[in-house]
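Undergrad: Could you look at this predicted model? Sequence included:
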Amino acid sequence: MTDAETLSRGPRAYTAFIGIGLIAGLLSGLFGVGGGTVIVPLLVLFLHFNQRLGAGTSLAAIVPTATVGVISYAINGSVAWIPALILAAGAVVGAQIGTRLLPKISQTVLRWFFVGFLVIVIVSLFLVIPSRDAEFELQLLNGLGLLVVGVGTGILAGLIGVGGGVIVVPVLMLVFGTSDLVAKGTSLLMMIPTAISGTIGNLRNHNVDLLAAAIVGVSACTTTALGAWLATLIDPVVGNMLFAAYLVVIAVQMAMKAIKGRRKKD
């Protein structure tokens, strides 16, 4: 049993797992993200998981969370099924590329690049408000575009452990002109096969705490539908502002990691 597994048992730990799941589920449903940007840092900070075990446990917990989210959005017709599968196919391939490139590329440079990307997205969210009535019409050109986005998302996920909704949701809204609800529902569907694939690999490498993932995932399921319901009630302008605030938190996290990485090299 690893140190992380030893520390992750007891009433305090189980309470923390449930709390983390409730928060992650709400954000997952509200923003169409997997919740990993919440789950991983909280597991590391409060339960002393190492980064790899935290990431693997988070990915496993995302599977049931995203499934409930997809069902919630699908009830309102806010899921583009084929585009989501195209994104997922690209992401699975991209993740393999990303993990192979990992030893060859500077993590610090990548993190600053991603922070810059998020800054552009945050500004754009205040300038472009897609219509709730916008429909995604799949054609050859935008189908290829989706594949490229999927591959790019997978590469970033493999390189720095960030991807999914953080990239896909704003790109679907700002580049492909989909409504915010369709972007979120489609993003959640894309995550399911991607998360399953990643979890299988992590299980082989013993980077998943199955009990923690189960508790976090089940807890998240109880609030995911609530988040998805709130997303339908919130005005698109307000929704963009809230999503922008969420991205600011992620950008700050990534910038802090980049600064720490540079200091270690110095």
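TA: Yes, it's here.
Undergrad: Spell out, range by range, the helices that occur in the stretch 51-200 of the chain.
TA: Assigned helices in the stretch 51-200 of the chain, in chain order: 51-75, 81-101, 107-127, 140-160, 165-174, 180-204 (criterion: DSSP state H, counting those that start in this stretch).
Undergrad: count of neighbours near the residue lying closest to Ile196 once chain neighbours are set aside?
TA: In space, not counting the residues next to it along the chain, Ile196 is nearest to Val63; the distance is 5.9 Å by C-beta to C-beta, 6 or more residues apart in numbering. (C-beta placed from N, C-alpha, C; glycine too.) A total of 19 residues lie near Val63 under the criterion other C-beta atoms under 10 Å.
Undergrad: in terms of contact, does Val63 touch Ala195 like I think?
TA: Yes. Here Val63 reaches Ala195: they are 4.9 Å apart, a contact under C-beta atoms under 8 Å.
Undergrad: rewinding a little: check contacts around the residue nearest to Ile196.
TA: For Val63, the contact set (C-beta atoms under 8 Å, 6 or more residues apart in numbering) comprises Ile192, Ala195, Ile196, Thr199, Gly217.
Undergrad: Which of these are buried, as a ChimeraX select command?
TA: Entered in ChimeraX, the line below selects the buried ones among the contacts of Val63, by 16 or more other C-beta atoms under 10 Å:
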select :192,195,196,199,217
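Undergrad: Can you add distance to Asn240 and give the contacts of Val63 back as JSON lines?
TA: Supplementary listing: these in JSON lines, determined by distance: C-beta to C-beta, whole Å:
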{"residue": "Ile192", "distance to Asn240": "25"}
{"residue": "Ala195", "distance to Asn240": "26"}
{"residue": "Ile196", "distance to Asn240": "30"}
{"residue": "Thr199", "distance to Asn240": "31"}
{"residue": "Gly217", "distance to Asn240": "28"}
